[in-house]
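A.B. asks: just the structure for this:
(one chain, ligands or ions: 1)
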Amino acid sequence: MPRTAYVNGRYVPHAHAQVGIEDRGYQFADGIYEVVPVIAGAFIDEDWHWDRLDRGLAELRIDRPVNRKALSLIGRRVAGLNRVRDGLVYVQVTRGEAPRDHKFPTKPVPPALVVTARHLPVPKDLSEARMIDVITGPDERWARPDIKSISLLPNVLAKQAAAEAGAYETWMINALGEVTEGSSANAWLVSRDADSGRVVLRTHPADRHVLNGIVRTALVALSGQHQWQIEERAFTLDELLAADEAFQTSSGNMIRPVRSVDGRVIGTGEPGPVVQEILDDFAAHVAAQGGV
Ligand code: PDD
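C.D. replies: Model prediction:
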């Protein structure tokens, strides 16, 4: 079935969908994006995605191309036209098309909006633990990774390094020796205090140095119902290697337990009990939104 894309007000064959070569996204990576998971036809945590898009647009002073209701309708229409019931809706907004000049266009131009949808097989059972191997590398990104900018070159290189090493993801380490996040996912560890037995889930704070992931947001919201606590505090590679369990979260791949980091096995190397609980929780969270 031929795919359909939305480009600046029109639904067009994906293969012929175009923006101009002077689009500022193409020239300067002057734009942002969102990836919304679709499961059994349901847009998961949709509002949080539009909230983050709005925030990014405000940070970059790019006008909203359409209001939230229209964006949601466009997303659904693109998913429908492409018969995507399980997959991802991709939304990209750039500052628009103007003669190449670093500063913002003096004559206002409309922001450019592109929406596409792609099928992605979703595991039958979302609670299933699909383990991944991770490598580490330097975090070479700009100082504002909290903005979901389309400028992803360091992320691309980090993901490629993982692929070339036979791993799934690269977790990035900053100049302080802290793990910030993966090239396209938030990074977590699980540790147990030897004395108190208290279980702690740790992830980098949602400050300017990481993307505040939506799956991450959902886990924080769900954490109230558990014995364990979430600590938004960065961890080092040594702390990671000593962890009982580790996992990553993203809309593209949901929750993935980590088997090894740089070839060193984490915990038992099998899906741990805490990650399994989180997988079960998140599956219930998705099911509650209609994404069986
Ligand atoms: N990536 N950190 C980075 C750097 C990311 O690119 C992503 C998502 C995340 C997780 O965010 P969320 O839970 O909202 O998906 C964290 C998307 C899926 C991508 O670039 O394709």
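A.B. asks: need the residues of the stretch 151-292 of the chain near the ligand, please.
C.D. replies: Residues of the stretch 151-292 of the chain found near the ligand (CB under 6 Å from any ligand atom) are 155, 181, 184-186, 211, 213-216, 249-252. (Glycine included, C-beta is placed from N, CA and C.)
A.B. asks: again, 8 Å this time
C.D. replies: Contacts of the stretch 151-292 of the chain with the ligand, taken as CB under 8 Å from any ligand atom, map to 152, 155, 181-186, 210-217, 249-253.
A.B. asks: which of these fall in helices?
C.D. replies: Those of those mapping onto helices are 155, 214, 215, 216, 217, per DSSP state H.
A.B. asks: so what's the residue count around residue 7?
C.D. replies: 18 (other CB atoms under 10 Å).
A.B. asks: brain fart, residue 140
C.D. replies: Residue 140 has 12 neighbours, counted by other CB under 10 Å.
A.B. asks: likewise for residue 284?
C.D. replies: Residue 284 has 12 neighbouring residues, counting by other CB under 10 Å.
A.B. asks: residue contacts, the residue of the stretch 101-250 of the chain found nearest the ligand?
C.D. replies: Nearest residue of the stretch 101-250 of the chain to the ligand, counting by CB to the nearest ligand atom: residue 213, 2.9 Å away. For residue 213, the contact set (CB atoms under 8 Å, 6 or more residues apart in numbering) comprises 181, 185, 186, 249, 250, 251.
A.B. asks: try 10 Å
C.D. replies: Taking CB atoms under 10 Å, 6 or more residues apart in numbering, we find residue 213 in contact with 48, 52, 148, 181-182, 184-187, 203, 206, 219-220, 248-251.
A.B. asks: now, the residues you listed that are in strands?
C.D. replies: Among those, DSSP state E puts 181, 182, 186, 187, 203, 248, 249, 250 in strands.
A.B. asks: from those, which two are the most distant?
C.D. replies: Taking CB to CB as the measure, those span a maximum distance of 12.5 Å, between 203 and 250.
A.B. asks: the two: which has the busier surroundings?
C.D. replies: With neighbours defined as other CB under 10 Å, residue 203 and residue 250 compare such that residue 203 has more, 26 against 22.
A.B. asks: could you find the closest non-adjacent residue to the more buried one?
C.D. replies: residue 188 (4.6 Å; CB to CB, 6 or more residues apart in numbering).
A.B. asks: and the gap between that neighbour and residue 230?
C.D. replies: 9 Å (CB to CB, to the nearest Å).
A.B. asks: mutual contacts of the two, please.
C.D. replies: Counting by CB under 10 Å, 6+ apart, the common neighbours of residue 188 and residue 230 are 201, 202, 203, 216, 219.
A.B. asks: most neighbours of all those residues, which one?
C.D. replies: Busiest of the shared contacts of residue 188 and residue 230 [other CB under 10 Å] is residue 203, holding 26 neighbours.
A.B. asks: tell me what that residue is bridged to.
C.D. replies: Here residue 203 shows beta-bridge partners residue 188, residue 232, assigned using DSSP bridges.
A.B. asks: residue numbers of the stretch 1-150 of the chain in contact with the ligand?
C.D. replies: For the stretch 1-150 of the chain, the residues in contact with the ligand (CB under 8 Å from any ligand atom) are 33, 34, 35, 37, 48, 49, 52, 88, 90, 145, 148.
A.B. asks: using TSV, lay out those residues together with neighbour count.
C.D. replies: What follows is these, written out as TSV (neighbours: other CB atoms under 10 Å):
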residue	neighbour count
33	17
34	23
35	17
37	25
48	18
49	24
52	20
88	18
90	17
145	21
148	20
